[in-house]
Each structure stands twice: as C-alpha cells, then as structure tokens.
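Enquirer: Here's my sequence, what's the structure:
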Amino acid sequence: QVQLVESGGGSVQAGGSLRLSCAASGYTISRYHMGWFRQAPGKEREGVAIIFIDGRTSYAESVKGRFTISKDNAKNTLYLQMNNLKPEDTAMYYCAADSALFQLQLGRGKFWGQGTQVTVSS
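Expert: Residues are numbered from 1 along each chain as shown. Model (predicted):
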C-alpha cells in the first residue's frame with residue numbers, strides 16, 4: 001500500500017525556518033517525480049516545488065531563494081527546507097508523487113499525503 005506521510009509543520013514567526021519531511025512507503029521515490037504543494041484557506045492549491053527523478057528542481061516564483069526541495073532516496077524521504085518564512089506562506093502543505101512529470105506539474109499527482117500545517121505569524 002502506497003503511503004506518503006508529511007511532518008515538520010508548525011507555527012513560526014516571520015523570518016523563521018521550518019523543514020518539512022515526507023516519508024514514503026509502498027514504493028520507491030527514486031522512480032517518481034515528487035513535489036510539494038500548498039493550499040491556504042479560501043485559495044486554490046498551488047505548486048511550491050518539484051524535484052525530478054534525475055534530481056533537477058523547479059520552484060514557484062514566490063518561494064525561489066527561500067525554499068529548497070531535496071530527497072534522500074536511501075531513506076525514501078522528500079524534504080522541503082523553508083527559510084525566511086512570510087505570513088503569506090501560511091497554508092497546508094502536501095507532498096505528492098507521480099511517474100508522469102506533466103501530471104505532477106498540473107497538480108494531479110498519483111499519490112498524495114495528508115498534509116502538514118504551516119502557520120507564519122507577523
């Protein structure tokens with residue numbers, strides 16, 4: 001059974017940092033493109049960052065230079081290091097995976113986690 005479990009969310013003040021983790025089980029992340037998405041109350045879900053199977057990365061303009069996506073294939077875990085957090089980063093953060101990159105880029109990943117809440121206060 002495929003499962004993605006996020007952790008690491010919490011409440012921080014603006015300028016602070018958090019590191020999100022997404023532990024995968026039931027499949028090998030090295031064979032999938034993986035990404036982080038977020039959804040704030042009353043807003044549509046948006047892509048934050050994607051890491052391709054070959055390790056290349058892609059970021060939303062709003063987080064470039066502040067967030068870093070990475071993965072540890074040996075631990076079968078995806079990460080999102082978030083620095084210089086802003087109140088507008090407040091959202092539920094989800095990890096997702098798909099073998100088809102375009103599906104993930106469209107926010108239609110095959111596998112999704114349950115989400116972890118990030119709250120940034122000013």
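Enquirer: Grab the nearest non-local neighbour of the residue most central in space within the chain.
Expert: Centroid-nearest residue in the chain, with C-alpha atoms, centre = their mean: residue 36, separated by 2.2 Å. Spatial nearest neighbour of residue 36, excluding adjacent residues (C-beta to C-beta, 6 or more residues apart in numbering): residue 48 at 4.3 Å. In this view, the C-beta of every residue, glycine as well, is placed from N, C-alpha and C.
Enquirer: surely the one you found meets residue 59?
Expert: Yes. With contact defined as C-beta atoms under 8 Å, residue 48 and residue 59 form a contacting pair (7.3 Å).
Enquirer: Quick check: next helix or strand after the lowest-mean-pLDDT helix or strand in the chain?
Expert: None of the helices or strands of the chain scores lower by mean pLDDT, DSSP states H and E than helix 101-105, at a mean of 93. The helix or strand immediately downstream of helix 101-105 is strand 111-112, counting by DSSP states H and E.
Enquirer: and whichever helix or strand comes after that following strand, how far out from the chain's middle?
Expert: Next along the chain after strand 111-112, taking DSSP H and E as the criterion, comes strand 116-121. Averaging C-alpha positions (C-alpha atoms, centre = their mean, to the nearest Å) puts strand 116-121 13 Å from its chain's average.
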